[in-house]
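After the sequence you'll find the predicted model.
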Amino acid sequence: MKKSFYTWEGDTLVLNILGTPDAKRDAIGKVKGQQLCVSVTAAPRAGRATDHMVRFLAAEFGVSVSAIQVVFGRMNVNKQLRIKAPACLPSVIGQQVLF
């Protein structure tokens, strides 16, 4: 069975992310292996790109910034985030339904 870039733990969505800082725009991209590609415009300095990504994803998932926890990867392009009770899901997650 193919392993996904996300799992659910109750009402919490756990996402594995491959981040791209210094991008032209903030965007949720395609799935690459077991990670979701997310680009942000912020520079990768002192965790600012990760902070910017959390704010961007909070708006995309319809949650407050405090509902997103960075499990690991604050200073790295490989990250894992936990999103508590997302109000909406980007289409890329709906396309990856596991059976």
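That came in fine, so what should we check first? Source: prediction; values computed, not measured. Residues are numbered from 1 along each chain as shown.

which phi and psi does Leu15 have?
The phi and psi values for Leu15, taken as degrees, to the nearest 10, are phi -110, psi 130.

For the chain, which segments count as strands?
Under the criterion DSSP state E, the chain contains strands at 6-9, 12-20, 27-32, 35-39, 68-72, 78-84.

Quick one: closest of the ones you listed to Gly62.
Closest to Gly62 of these, according to C-beta to C-beta: strand 78-84, at 9.8 Å. Where C-beta positions appear, they are placed from N, C-alpha and C, glycine not excepted.

pLDDT score for the nearest residue to Pro44 once chain neighbours are set aside?
Closest residue in space to Pro44, ignoring its immediate chain neighbours: Pro21 at 4.0 Å, by C-beta to C-beta, 6 or more residues apart in numbering. On pLDDT, Pro21 comes in at 96.

In the chain, where is pLDDT below threshold?
1-2, 94-99 (pLDDT under 70).

what's the single longest helix in it?
Identified as the longest helix of the chain according to DSSP state H is helix 48-61.

Can you give me the buried ones in that one?
Neighbour counts over helix 48-61 (16 or more other C-beta atoms under 10 Å) mark 49-50, 52-54, 56-58, 60-61 as buried.

and the angle from it to strand 27-32?
On the basis of axes from the mean of the first three to the mean of the last three C-alpha atoms, to 10 degrees, helix 48-61 is oriented at 90 degrees to strand 27-32.

and helix 48-61, what does it pack onto?
On a contact count with 3 or more C-beta pairs under 8 Å, 6 or more residues apart in numbering; DSSP states H and E, helix 48-61 meets strand 12-20, strand 35-39, strand 68-72, strand 78-84.

which of the buried residues of helix 48-61 sit farthest apart?
Ala49 and Phe61 (18.1 Å).

what's near enough to touch the residue nearest to Leu89 when sequence neighbours are not counted?
The spatially closest residue to Leu89, leaving aside those adjacent along the chain, is Phe61, at 7.1 Å (C-beta to C-beta, 6+ apart). Contacts for Phe61 (C-beta atoms under 8 Å, 6 or more residues apart in numbering) come out as 13, 68, 83, 86-90.
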